[in-house]
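>>> Got a sequence here, can you build the structure:
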Amino acid sequence: MLRYGLFLYLLINAATIKAGGMPPYFNEDIDTEYRALLKHAGDILPKSDLPLAYLPLFYPFSFLDIHPTKFKSDKDKQAFANFNLGVLGRNFLNINKTQLSKLPNVTICKKQACKEERLGLIDDFLRVTMNELVKLNQSKDLNLIQQTDMFVYRINNTFFTPAQLVTYYPSKYAGFVPSANYKVFKLGENEELMKLSAETQQVRELMDAYNVAAITKNDDKSMSIIFGGVSDNHWGVVVNYSSRIPTQGEYNHMGLEYDIIEKISETRFYFQTN
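Alright, predicted model coming up:
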């Protein structure tokens, strides 16, 4: 395990060192935080030689989809999303550089036929989940639900597994979540977390049925329902939106640039980021 952790460390060192040093949005403190996170990931994820075995961990808000919550610049946030996929993808996905560079494209839809299919799926999901979405929107304790499957999921910054719960705290400088700062709970040890799990079970079941990756609050009113994506390429629907519908080239609350926007109603719009 130590050898694997060192291997990860050397790879990230090679990836971050460029002619001009670290990525422009890094400094020594942030670089140290990111290396610590990589070591943590290497320590807890068993080594696998299977191509794409860990791909679900790169889906929106899953364990290897790292978010720098303290970055101020949208461009830096988006650049980091691609950087993170490049570094972690080389370590965990067991595919070549060309395959890795093309991986985010699998979630991009530019044709009318696939967009219509997506809009139909969105409509079906919203029709059966509106009551649950209203509850989520009104809850002061819930900001994010991510689901890998019914047994592995995330609520806010806590990852739930059949064996344990792990709550991650934003790193000091970049605000990385997940990070190397965390606390492990046994099942049933934390009553508040188990209550959130029970409260979200019905919506998680529907997310599983309709292959929804994550639901996240954008502010105190609107929510993004993300059906799929890798790195900075997401697609889904924003609901309960009360402001001007954004246009292509603007950024969402996660710092991802909207590539396609289509108004569905006065308070909903379909989006694809890229």
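>>> From here on, just use CA atoms for contacts and neighbour counts.
Noted.
>>> how about the strands in the stretch 151-274 of the chain?
For the stretch 151-274 of the chain, the strands defined by DSSP state E, counting those that start in this stretch cover 153-155, 158-160, 164-168, 176-177, 182-186, 214-217, 223-230, 233-239, 258-265, 268-273.
>>> K195: which of those is closest?
Closest of the strands of the stretch 151-274 of the chain to K195 is strand 153-155, at 10.9 Å (criterion: C-alpha to C-alpha).
>>> which outside residues touch the closest one?
For strand 153-155, contacts defined as C-alpha atoms under 8 Å, 6 or more residues apart in numbering pick out S62, L142, N143, L144, I145, Q146, Q147, F159, F160, T161, L196, S197.
>>> Tabulate these (TSV), appending distance to E266, neighbour count and pLDDT.
As requested, those are exported to TSV (distance: C-alpha to C-alpha, whole Å; neighbours: other C-alpha atoms under 10 Å; pLDDT from 0 to 100):
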residue	distance to E266	neighbour count	pLDDT
S62	31	21	97
L142	25	17	97
N143	23	18	97
L144	24	19	98
I145	25	25	98
Q146	26	26	98
Q147	28	26	95
F159	34	21	98
F160	36	22	97
T161	38	15	96
L196	31	14	97
S197	32	17	97
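>>> now, which of those lie within helices?
L196, S197 (DSSP state H).
>>> Reformat the contacts of strand 153-155 as CSV; add distance to V212.
Listed next are the contacts of strand 153-155 as CSV, based on distance: C-alpha to C-alpha, whole Å:
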residue, distance to V212
S62, 12
L142, 17
N143, 16
L144, 13
I145, 10
Q146, 8
Q147, 8
F159, 17
F160, 17
T161, 18
L196, 19
S197, 17
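>>> Pick out the residue nearest the middle of this protein.
Per C-alpha atoms, centre = their mean, the C-alpha nearest to the average position across the chain is that of F61, at 2.1 Å.
>>> And that one, how far from H67?
Between F61 and H67 the computed distance is 8 Å (C-alpha to C-alpha, to the nearest Å).
>>> same deal with N156?
13 Å.
>>> For the residue nearest to the centre of the chain, give me its contacts.
Counted by C-alpha under 8 Å, 6+ apart, F61 has contacts H67, Q146, A214.
>>> Can you classify D31 by secondary structure?
helix (DSSP: H, G, I helix; E, B strand; the rest coil).
>>> Pull the number of nearby residues for it.
D31: 19 surrounding residues under other C-alpha atoms under 10 Å.
>>> Likewise for K135?
Applying the criterion other C-alpha under 10 Å, we find 14 residues in the vicinity of K135.
>>> Before I go, just wanted to say thanks for your time.
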